[in-house]
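Colleague: Compute the structure for the input listed below.
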Amino acid sequence: MSVKNTVETLLRDGFILVFNQDKLDIAKTAEAAMQAGVNNMEVTCRIKKPVEKIQLLRKEFPDFTIGVASLIDFPKMLEVYNRHHANDPLPTVEQVIDAGAGYIVSAGSFSDDTYQKFGDKVAIIPGCGTVTEIINQFSKGANLCKIFPAKQLGGPAFVKAIDAPLHKIISIVPTGGTNVTNIPDYIDAGILVVGASFSLIEKQTMQKIVDQQDYKLLADQLKKIKQLIDTTRAEKWPNIDFAAASVDQIAKITGRNFNIS
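Modeller: Next comes the predicted model:
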């Protein structure tokens, strides 16, 4: 899958589901997401054996868009972590791409080396906390820029405040504290894609899903979130059919640039 196709999938979904639950079956979760109309999922490297799970998803669902997050893209820090976690080390960017990642995500910046080596192979979504970091990473080739932790940075009000100085060019993905209450506010602030984990789902319902391994219930919950995003985006952007629009069409109408030549 090309970078353009990956970004197109994220824009059509409007939602990046962050898989951070070792108690859930990753393949069945991906199936639930697809049943809800979400064709991508971000596998965080905070779960156990992330590379094996990425490989499993790629084998089972070759057309499903896999993201990988919680990457440490700086060798010295990665070495320090892996020295203390030798039984389950964090993979490198290259390892997760080889395993099947279509996009990569981090809580922080990606290195110049990653942009040079992989910028034409996978979509890159760095984590940023300031206007300077967003501009810096976008200038290196980031396709979208994640703000994390979005809640602590100021939520929708933060996005709205920084969007004008960014000239409404860069597409921001808020992650951390996003929920059904503030998703409409994020979209109103200009967000096209929302990132969130299972904390979007009411705690008792999520506990039932985990305890009973109820993936139909999970699909139903994800479908409600997808419908909320679709409805709210349609109100914000009535001239865009996100289910069918191309990256170029979305860029032309919204003014956003996705660093795709």
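Colleague: just so I have it, where are all the helices in the stretch 151-261 of the chain?
Modeller: Here the stretch 151-261 of the chain has its helices, by DSSP state H, counting those that start in this stretch, at 155-163, 183-188, 203-212, 215-236, 247-254.
Colleague: Let's have the ones you listed in JSON lines, adding distance to Pro149.
Modeller: In short, each C-beta sits where N, CA and C put it, glycine included. JSON lines is the format used below for these (distance: least, CB to CB, whole Å):
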{"stretch": "helix 155-163", "distance to Pro149": "10"}
{"stretch": "helix 183-188", "distance to Pro149": "14"}
{"stretch": "helix 203-212", "distance to Pro149": "19"}
{"stretch": "helix 215-236", "distance to Pro149": "19"}
{"stretch": "helix 247-254", "distance to Pro149": "25"}
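Colleague: Please indicate which of the ones you listed has the most neighbours on average?
Modeller: Highest mean neighbour count among the helices of the stretch 151-261 of the chain (mean count of other CB atoms under 10 Å): helix 183-188, with a mean of 20.
Colleague: Which strands or helices does it pack on?
Modeller: The contact analysis (3 or more CB pairs under 8 Å, 6 or more residues apart in numbering; DSSP states H and E) places helix 183-188 against helix 155-163, strand 194-196, helix 215-236.
Colleague: now do 10 Å
Modeller: Applying 3 or more CB pairs under 10 Å, 6 or more residues apart in numbering; DSSP states H and E, we find helix 183-188 packed against helix 155-163, strand 172-174, strand 194-196, helix 215-236.
Colleague: Packing partners of the longest one?
Modeller: Using 3+ CB pairs under 10 Å, 6+ apart as the contact definition, the elements that helix 215-236 packs against are helix 3-13, strand 15-19, helix 26-35, helix 183-188, strand 194-196, helix 203-212.
Colleague: contact partners of the fourth one?
Modeller: So that's helix 183-188. Helix 183-188 has contacts (CB atoms under 10 Å, 6 or more residues apart in numbering) with 14-15, 150, 155-157, 159-160, 172-174, 178-179, 191-194, 196, 200, 225, 228-229, 231-237.
Colleague: Identify each of the strands in the stretch 51-200 of the chain and give its residue range.
Modeller: 65-69, 103-105, 123-125, 127-128, 145-147, 172-174, 194-196 (DSSP state E, counting those that start in this stretch).
Colleague: Relative to Asp22, which of these is closest?
Modeller: strand 65-69 (14.9 Å; CB to CB).
Colleague: lowest-confidence helix or strand of the chain?
Modeller: helix 75-84 (a mean of 95; mean pLDDT, DSSP states H and E).
Colleague: ok, and the closest non-adjacent residue to the residue nearest to the spatial centre of the chain?
Modeller: Nearest to the mean C-alpha position of the chain, counting by CA atoms, centre = their mean, stands Ile16 at 4.1 Å. Leaving aside its sequence neighbours, Ile16 sits nearest to Gly195 (CB to CB, 6 or more residues apart in numbering; 4.3 Å).
Colleague: how about that neighbour, what does it touch?
Modeller: Counted by CB under 10 Å, 6+ apart, Gly195 has contacts 10, 15-18, 42, 67, 69, 105, 125, 144, 146-148, 150, 173-176, 178.
Colleague: any idea how far Leu17 is from it?
Modeller: Separation of Gly195 from Leu17 (CB to CB, to the nearest Å): 8 Å.
Colleague: Return every residue with contacts to both of the two.
Modeller: Joint contacts of Gly195 and Leu17 (CB under 10 Å, 6+ apart) are Glu42, Gly67.
Colleague: List the buried residues for stretch 118-130?
Modeller: Phe118, Gly119, Val122, Ala123, Ile124, Ile125, Pro126, Gly127, Cys128, Gly129 (16 or more other CB atoms under 10 Å).
Colleague: quick one on the thing from earlier: indicate which one of the strands of the stretch 51-200 of the chain is closest to Phe258.
Modeller: strand 123-125 (8.5 Å).
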